[in-house]
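Participant: using only what follows, build the 3D model:
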Amino acid sequence: MDLQKILPFVVVGAILLLAVYMFSFGSITNFFSTLGYSHLLGRDVTYCMGESFCRDGDFCDFEKGKCGESGDCVKIPTFCIFSRGGPVCGCDGETYSSDCARKQAKVSKLHDGEC
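Facilitator: Numbers count the residues shown, from 1 in each chain. Presented below is the predicted three-dimensional model:
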């Protein structure tokens, strides 16, 4: 088989396959994020500088006491069964009954204890 004759079909097939995947994922950014190239697109799934850099269902949890800086994307808890650890002060100046309640509100921790 002559490579020059089949190469156009391979290229067209690859482009069509990419188009189908892009349609499935909604955008080229989401497509490449699923392939592990998110850090090249500024959408690292673990490191964040704000809400827009995290996946749906996650929020940017800044390092304790460093509100508004860099953080990690963490899952937003669906519900909190046990309130372990006592109250925590959020970066918004509100006191939360537990760390889980703070995460449900998508707020980073300023410090342990009441505000």
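Participant: where exactly do the helices run in this protein?
Facilitator: In the chain, helices defined by DSSP state H lie at 3-25, 28-34, 99-104, listed in chain order.
Participant: could you tell me the least trusted of those helices?
Facilitator: For those, the weakest mean pLDDT is recorded on helix 28-34, namely a mean of 51.
Participant: got the domain boundaries for the protein?
Facilitator: Per automatic domain parsing, the domain ranges recorded for the chain read 3-41, 47-112.
Participant: tell me which of those domains sits most buried.
Facilitator: Of the domains of the chain, the one with the most neighbours on average (mean count of other CB atoms under 10 Å) is domain 47-112, at a mean of 15. Glycine gets a C-beta too; all of them are placed from N, C-alpha and C.
Participant: separation between Arg76 and Glu69?
Facilitator: No Arg there; residue 76 is Ile. When CB to CB, to the nearest Å is applied, the distance between Ile76 and Glu69 equals 20 Å.
Participant: to clarify, my last question referred to Leu3.
Facilitator: The separation that Leu3 has from Glu69, given CB to CB, amounts to 53 Å.
Participant: what's the answer for Asp99, then?
Facilitator: For Asp99 relative to Glu69 (CB to CB), the value is 19 Å.
Participant: give the contact list for the nearest residue to Gly90 once chain neighbours are set aside.
Facilitator: With sequence-adjacent residues excluded and distances taken as CB to CB, 6 or more residues apart in numbering, Gly90 is closest to Val107, at 3.8 Å. Under the criterion of CB atoms under 8 Å, 6 or more residues apart in numbering, the contact list for Val107 reads 90-92, 94, 96.
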